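# next comes the sequence, and after it the predicted model I'd like to discuss.
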Amino acid sequence: MKIICIGRNYVDHIDELGNEIPKDPVVFLKPDTAILPKKMPFFIPEYSDNLQYEVELIVKINRVGKYIDKKFAHKYYDEIGLGIDFTARDLQQKLKEKGLPWEKAKAFDGSAVVGKFFHKSKFNDISNIEFSLEKNGEVVQKGNSSLMINSIDELISHVSEFFTLKIGDLIFTGTPSGVSKVVENDELRGVVQGEEAFKVRIK
Ligand code: MG
């Protein structure tokens with residue numbers, strides 16, 4: 001399976017990092033080795049002094065597809081979850097400045113927290129899903145799928161032009177504002193519509 005990640009999909013997060021609103025979705029990949037094993041703490045890699053969380057809704061693909069039309073995209077997923085796209089921001093900044101790929105800063109081991117998935121029937125409206133991230137019991141990120149620049153169905157349509165989607169593939173749909181650094185002993189907790197999706201301890 002592969003993990004397809006979307007960057008710059010919420011205006012407030014684009015503003016906080018001083019980026020431009022992209023014409024097309026920003027897309028990058030993480031390998032399956034990026035998934036943090038369940039119940040494992042996240043170890044800050046030694047090559048970063050500014051390791052940041054990004055909480056994101058995740059879509060799990062349930063059938064094979066290529067060139068998926070936006071109006072049929074809803075048939076390609078049953079479950080939506082929540083996770084973290086961990087980012088070595090200092091390294092990413094250096095790579096961005098040189099125009100180099102982001103993978104070293106984004107796709108390293110443990111960089112993808114994949115929490116619990118919820119059947120989409122749990123949500124009244126896919127384009128109005130509330131989610132948040134708490135750090136040490138305090139809400140640090142708050143998002144809603146209604147604020148996405150590109151909706152889940154638009155993202156599926158767009159990425160399937162480039163990559164054949166396969167069963168089990170995950171799409172991280174971008175983060176809202178509030179990203180910040182983690183330090184040892186922090187505890188992160190992700191919540192979707194009031195339900196806990198994951199808890200991660202930082203080491
Ligand atoms: Mg992200």
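Alright, I've got the coordinates.
# right, is stretch 158-171 up against the ion?
No - contact of stretch 158-171 with the ion (Cβ under 5 Å from the ion) is absent, the minimum separation being 11.3 Å. To be clear about C-beta, it is placed using only N, CA and C from the backbone, and glycine gets the same treatment.
# first-to-last residue distance for that stretch?
For stretch 158-171, the first-to-last residue distance is 12 Å (Cα to Cα, to the nearest Å).
# same thing with stretch 59-75?
12 Å.
# quick check: the residue of the chain nearest the ion.
residue 85 (3.5 Å; Cβ to the ion).
# what residues are up against that residue?
Contacts for residue 85 (Cβ atoms under 8 Å, 6 or more residues apart in numbering) come out as 5, 30, 54, 56, 106, 111-112, 172, 175.
# repeat for residue 80
Counting by Cβ under 8 Å, 6+ apart, residue 80 has contacts 57-60, 117-118, 120, 123, 126, 129, 152, 192.
# pull out the buried residues from stretch 129-143.
Neighbour counts using 16 or more other Cβ atoms under 10 Å place 129, 131-135, 140-143 of stretch 129-143 among the buried residues.
# end to end on stretch 37-47, go ahead and measure it.
Termini of stretch 37-47 sit 21 Å apart (Cα to Cα).
# so which bits of that stretch are buried?
42, 44-45.
# same deal with stretch 19-28?
Those would be 25-28, for stretch 19-28 by 16+ other Cβ under 10 Å.
# quick one: distance of the helix or strand of the chain with the lowest mean pLDDT to the chain centre.
The helix or strand of the chain with the poorest confidence is helix 11-16; it has a mean of 90 (mean pLDDT, DSSP states H and E). Here helix 11-16 shows a centroid-to-chain-centroid distance of 15 Å under the convention Cα atoms, centre = their mean, to the nearest Å.
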